[in-house]
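> My questions are about this predicted structure, shown below with the sequence.
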Amino acid sequence: MSIPQSVEKLEPKVSLSAESENSARQISRNETAHHSEPPEHNLEYVELLRIAVVALAAAAVWFRVWEPFSRVSVIGILAALIGGYPIFKEAFENVVERKMTMELSMTIALLSALAIGEFFTALVITAFVLAAEVLEGLTVGRGRRAIQDLLDFLPRIVSVRRDSEVVEMPAENLQLRDVVIVKPGGRIPVDGLVLSGRSFVEQAAITGEAMPVEKSPGSAVYAGTINQSGALEVRAEKLGRDTTFGRIIEAVERAEKSRAPIQKTADRLAGYLVYFALGAAILTFIITHNVRSTISVVIVAGACGIAAGTPLAILGAIGRAAHQGVIIKGGLYLEALAEVDTVLLDKTGTLTFGTPQIREVVSADGFTEQDILAAAGIAERKSEHPLAKAIIARATDLALPADEPDQFAYAPGKGVTANYRGEEIVVGSRSLLMERGLKRILPVNGQGAGGVSEVYVARGGQVLGTIRIADVLRPEAKSAVAAMRAMGLKTILLSGDAQPVTTLVGRDLGVDEAVGELLPDQKARWVTELRGKNRKVAMVGDGINDAPALVQANVGVAMGSGTDVARESADVILIGSDLAKFVEALRIARRCRGIIMQNFTGTLVVDSIGVGMAACGLLNPLLAAFIHVTSELAFILNSTRLLPRESSV
C-alpha cells in the first residue's frame with residue numbers, strides 16, 4: 001500500500017548549505033518554515049472522513065437502505081469510487097511507470113468484486129485498506145518527527161553579552177566569538193568554551209553520557225545540551241551546521257534520502273509477490289472457475305509490510321543511532337555495518353587518549369615526588385616535547401612553582417639540560433645522564449617496558465629519580481573490545497607504534513591480534529587483504545594516517561574528536577571519542593537487519609498460507625482483506641521498534 005509520504009521521498013527541512021557563516025541563519029530560517037507548514041493532521045482528517053463515508057455506505061448497502069436497481073447498488077458503486085480514489089490513482093500512476101505494486105493488485109480485486117455484485121465486500125475492503133494507509137502514515141510520521149524534532153532543540157532567542165551589556169536576539173544573528181549567556185534550565189545554542197560560571201550539563205543527546213557533566217571555565221559545551229544548575233557564559237566557537245548538533249541533523253537528513261541495497265531488494269520482492277498473487281489468481285480461476293476464490297487470492301497477498309516496513313526500519317535505526325551520538329551517513333553503510341565480521345582498531349587517539357600522562361614517579365634516594373617534578377618542571381618549561389607537556393601538566397596540578405631556567409639546551413632524542421640559579425638540571429634518557437657523569441644510584445631501567453617512557457631527573461649532580469610516562473587507555477576501550485568479541489567479531493589492533501608497545505596494549509585490551517610499526521599505506525593494505533579474503537571490515541581511526549584505511553574498508557568509522565580528513569573519509573562518525581558508541585551502532589545495525597528479515601520471512605509465510613487457503617475456497621474476500629491488513633500492520637509496527645523514544649531525545 002502507499003505511504004502518504006514515503007520515507008525515501010522525504011524532503012529535508014533544513015538546507016544543506018556548506019557555508020559556515022550562513023549556517024545559523026539556514027537552520028533558523030528553515031525551522032521557521034518547518035513550523036509554519038500546514039499541519040499534517042488536515043490530511044489525516046480528510047482520510048478519516050473518507051473512511052467514515054465508506055463505512056456508512058457499507059452499512060447502507062448491508063441494510064439495503066436505497067436500492068433503486070435490483071442488481072446494482074448505486075450507493076455501493078459511488079462509495080467505492082470515492083473511497084477507492086487514492087488506491088485507483090496510485091495504481092494508474094504505477095501502470096504509467098510500468099511498476100507492479102500492491103495498489104494495482106488491490107484495484108483489480110476491488111473492480112472484480114464490484115463486477116460480480118459484491119458491493120458490501122468491496123466497500124469493507126476499501127475501508128480496511130484506507131484505515132491501514134492512515135495508520136501507516138501515522139507510523140511513518142512518527143519516524144519523521146523523531147528526526148525533525150531535533151530542530152526544536154536549539155533556542156530561537158539567545159542572550160548575548162556585547163559591549164558590557166546583555167542583549168537578547170534571534171539565534172540566527174549569532175556570530176562566532178560571541179559570548180552567550182545560558183541560564184539554568186536553558187539549552188545551549190552553540191558549540192563553545194565556558195568562559196565563566198560552573199554548572200552541570202545534561203548532554204546525553206549529543207554524547208550519550210547518562211549523567212550530567214560538570215562544566216567550569218575552559219570546558220567544552222555542545223549545542224542542544226541542557227544547562228541544569230548555574231549560569232554559564234559560553235564563547236561561540238561553532239554555529240549552526242558546524243556544531244556537533246548540526247552535523248547530526250545534516251547526516252540524518254542525507255541518510256533519509258539514501259537507499260540501502262536491502263531496501264531495493266524489498267521493493268523487488270514486493271513486486272514479485274504481486275506477480276505471484278496475480279499468477280495464483282489466474283491459476284485458481286482456471287482450475288476452480290470460482291470468482292470469489294480468485295478475488296480472495298488477489299486480496300490476501302500483501303507485500304506492504306516489506307515495502308513500507310523496510311525503509312521505516314532503516315529510518316528508525318539511523319535516527320536511534322543519531323540520538324546515541326553516532327552519525328551513519330546512509331542506509332548503505334547501515335547495512336554494511338550489520339554485516340561486519342572484522343574490526344580494525346587504530347591505537348593512538350582511538351583506544352588511547354593520544355596524550356602522554358605520568359603513570360608513576362620513582363625516587364632514587366628518598367627524594368619526594370614534588371622534588372623530582374619541581375626540578376623536571378623547571379628544565380622542561382621551554383620544551384615542546386609531548387613528554388615535557390605531561391611533566392608540566394602534573395607540576396601545575398601540584399601547584400609547584402612555574403620557574404623558568406636561566407639556560408636551556410635540547411639534545412634531540414636524549415633530553416634537556418638546564419641551569420637554574422647555578423645548579424645544573426638534567427632531564428632525559430639514561431644515556432644522557434651517564435654522558436653528564438651521573439652514573440650513581442640510577443633506578444632500574446624500564447625504558448620502553450609496556451610502552452612506558454622513563455625520564456630520568458638529576459639536579460646539582462644528584463639523581464633524584466625517574467618519571468614514568470605513557471599513553472593511557474581510554475576507560476571504555478577494554479569493555480568495548482570485549483563486547484565486540486562477544487558479538488563474534490574478530491578484533492585487530494593496527495598501530496604505527498613499536499611492536500612491543502602495540503603487543504602490550506593489545507594484550508591489555510584483549511584483541512585477537514596486534515600489529516605495530518605500520519605506515520598509513522600498510523594499514524590500507526591490511527584492509528585490502530582482509531577484504532580479499534571475503535571479510536567484512538570496519539576500520540576505526542581518528543587521524544590523517546588512518547584515512548587510506550578508512551576509505552578502503554567496507555565501513556570506515558571515525559572518532560568525532562579526530563581530524564577533519566578522517567571524518568570526511570569515514571562512513572560512520574562517533575560524536576566524541578567513546579568506542580562504546582561504535583558497539584551500540586553495531587547492535588542497532590544488526591537489530592535493524594534482523595527486523596527486516598523478520599518482515600521478509602513473515603510476509604512470505606502469510607502470503608503462501610493465505611493464497612493456498614483462498615485458492616481452496618477457505619477464505620472469502622472479506623476475511624482475505626482482514627488477513628492482508630492485519631499482517632501488514634503487524635510487520636510495519638515491528639519496524640517501529642527501532643524508532644527513538646521521545647524521552648531519549
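Thanks, I have the structure now. Residues are numbered from 1 along each chain as shown.
> going forward, measure contacts between C-alpha atoms and count neighbours the same way
OK.
> what's the closest non-adjacent residue to T126?
In this structure, T126 finds its nearest non-sequential neighbour in G84, 6.1 Å apart by CA to CA, 6 or more residues apart in numbering.
> And that neighbour, how close does it get to L111?
According to CA to CA, to the nearest Å, G84 stands 10 Å off from L111.
> the more surrounded of those two?
The neighbour comparison of G84 against L111 (other CA atoms under 10 Å) goes to G84, with 24 against 19.
> So the more buried one sits against I125, correct?
No - G84 lies out of contact with I125 (CA atoms under 8 Å); the separation is 9.6 Å.
> would you put the C-alpha positions of stretch 329-345 in PDB?
The C-alpha coordinates for stretch 329-345 follow below in PDB (Å, rounded to 0.1, in the frame of the first residue of the first chain):
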ATOM      1  CA  LYS A 329      25.900   8.600   6.600                       C
ATOM      2  CA  GLY A 330      23.300   6.400   4.800                       C
ATOM      3  CA  GLY A 331      21.300   3.200   4.600                       C
ATOM      4  CA  LEU A 332      24.100   1.700   2.500                       C
ATOM      5  CA  TYR A 333      26.500   2.000   5.400                       C
ATOM      6  CA  LEU A 334      23.900   0.900   8.000                       C
ATOM      7  CA  GLU A 335      23.500  -2.400   6.100                       C
ATOM      8  CA  ALA A 336      27.300  -2.800   5.700                       C
ATOM      9  CA  LEU A 337      27.700  -2.200   9.400                       C
ATOM     10  CA  ALA A 338      25.300  -5.100  10.100                       C
ATOM     11  CA  GLU A 339      27.500  -7.400   8.000                       C
ATOM     12  CA  VAL A 340      30.800  -6.500   9.600                       C
ATOM     13  CA  ASP A 341      32.800  -9.500  11.000                       C
ATOM     14  CA  THR A 342      36.200  -7.900  11.400                       C
ATOM     15  CA  VAL A 343      37.000  -4.700  13.200                       C
ATOM     16  CA  LEU A 344      40.400  -3.000  12.800                       C
ATOM     17  CA  LEU A 345      41.300  -0.500  15.500                       C
END
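> Could you tell me the average pLDDT over that stretch, please?
In this model, stretch 329-345 carries a mean pLDDT of 90.
> what do you get for stretch 224-244?
On average, stretch 224-244 scores 87.
> ends of it, how far apart?
9 Å.
> What is the distance between it and the centre of its chain?
21 Å (CA atoms, centre = their mean, to the nearest Å).
> So which bits of that stretch are buried?
224-228, 231-244 (16 or more other CA atoms under 10 Å).
> With stretch 511-529 instead?
Neighbour counts using 16+ other CA under 10 Å place 511, 514-516, 518, 520, 523-524, 526-528 of stretch 511-529 among the buried residues.
> among those residues, which are in strands?
514-515 (DSSP state E).
> what's the model's confidence in the longest helix anywhere in the chain, averaged?
Identified as the longest helix of the chain according to DSSP state H is helix 579-615. Per-region confidence: helix 579-615 scores 92 on mean pLDDT.
> which strands and helices sit next to it?
Counting contacts by 3 or more CA pairs under 8 Å, 6 or more residues apart in numbering; DSSP states H and E, helix 579-615 packs against helix 261-288, helix 291-300, helix 304-323, strand 326-328, helix 331-338, helix 477-486, helix 621-639.
> got TSV for those, with distance to A549 and mean neighbour count too?
Output for the helices and strands packed on helix 579-615, formatted as TSV (distance: least, CA to CA, whole Å; neighbours: other CA atoms under 10 Å):
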stretch	distance to A549	mean neighbour count
helix 261-288	23	18
helix 291-300	50	28
helix 304-323	23	29
strand 326-328	18	28
helix 331-338	16	22
helix 477-486	19	18
helix 621-639	34	22
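> could the ones you listed go into TSV alongside distance to D471?
Below are the helices and strands packed on helix 579-615 laid out as TSV (distance: least, CA to CA, whole Å):
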stretch	distance to D471
helix 261-288	41
helix 291-300	63
helix 304-323	30
strand 326-328	26
helix 331-338	30
helix 477-486	13
helix 621-639	44
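> do you know which of these lies nearest A399?
helix 477-486 (31.3 Å; CA to CA).
> Measure how the closest one sits relative to helix 579-615, angle-wise.
30 degrees (axes from the mean of the first three to the mean of the last three CA atoms, to 10 degrees).
> Dihedrals phi and psi, V213?
Dihedral pair for V213: phi -110, psi 130, per degrees, to the nearest 10.
> Was I right to think it contacts R198?
No - V213 is not in contact with R198 according to CA under 8 Å; the separation is 10.7 Å.
> State the distance from the nearest residue to I282 once chain neighbours are set aside to T126.
Of all residues not flanking I282 in the chain, T294 sits nearest, at 7.2 Å (CA to CA, 6+ apart). For T294, the distance to T126 equals 18 Å [CA to CA].
> what's the average pLDDT for the helix or strand that contains N419?
In this assignment (DSSP states H and E), N419 forms part of strand 415-420. In this model, strand 415-420 has an average pLDDT of 91.
> What of stretch 293-312?
Rounded mean pLDDT across stretch 293-312 is 80.
> ok, now stretch 111-124?
pLDDT averaged over stretch 111-124 gives 85.
> Quick one: end-to-end distance for it.
Across stretch 111-124, first to last residue, CA to CA, it's 13 Å.
> who's in contact with that stretch?
Applying CA atoms under 8 Å, 6 or more residues apart in numbering, the contact partners of stretch 111-124 are 54-55, 57-58, 61-62, 71-73, 76-77, 79-80, 110, 291-292, 295, 621-622.
> 7 Å instead?
Contacts to stretch 111-124, defined as CA atoms under 7 Å, 6 or more residues apart in numbering, come from residues 54, 58, 61-62, 72-73, 76, 80, 110, 295, 621-622.
> Least confident of the buried residues of stretch 511-529?
Minimum confidence in the buried residues of stretch 511-529 sits at P520, scoring 78.
> Quick check, that residue in contact with D546.
Yes - the pair P520 / D546 is scored as a contact, 6.2 Å apart, by CA atoms under 7 Å.
> And the residue nearest to P405 when sequence neighbours are not counted, how far from R459?
Nearest residue to P405 in three dimensions, chain neighbours excluded: Y420, at 5.0 Å (CA to CA, 6+ apart). Y420 is 10 Å from R459, where distance means CA to CA.
> for R292, same thing?
In terms of CA to CA, R292 sits 102 Å off from R459.
> for G510, same thing?
41 Å.
> Looking at those two, which has the bigger crowd around it?
Higher neighbour count among G510 and R459: R459, with 23 against 19, using other CA under 10 Å.
> List just the nearest of the buried residues of stretch 511-529 to L438.
Nearest to L438 among these: G516, at 34.2 Å, using CA to CA.
> hang on, that closest one packs against Q499?
Yes - at 4.4 Å, G516 counts as touching Q499 under the criterion of CA under 7 Å.
> hang on, the earlier thing: what's near enough to touch the residue nearest to I282?
281, 284-285, 615.
> Kindly report the same for G246.
G240.
> tell me which element it is part of?
Short version, using DSSP H and E: G246 is in helix 244-257.
> Next: L110.
Here L110 is assigned to helix 102-115, by DSSP H and E.
> and that helix with helix 304-323, angle?
If you take the same axes, to 10 degrees, helix 102-115 sits at 150 degrees to helix 304-323.
> Return the distance of helix 102-115 from the chain's centre.
Offset of helix 102-115 from its chain centre (CA atoms, centre = their mean): 42 Å.
> And it, what's buried?
102-114.
> ok, so of the residues you listed, who is nearest G560?
Comparing the buried residues of helix 102-115 against G560 with CA to CA places M102 closest, at 43.4 Å.
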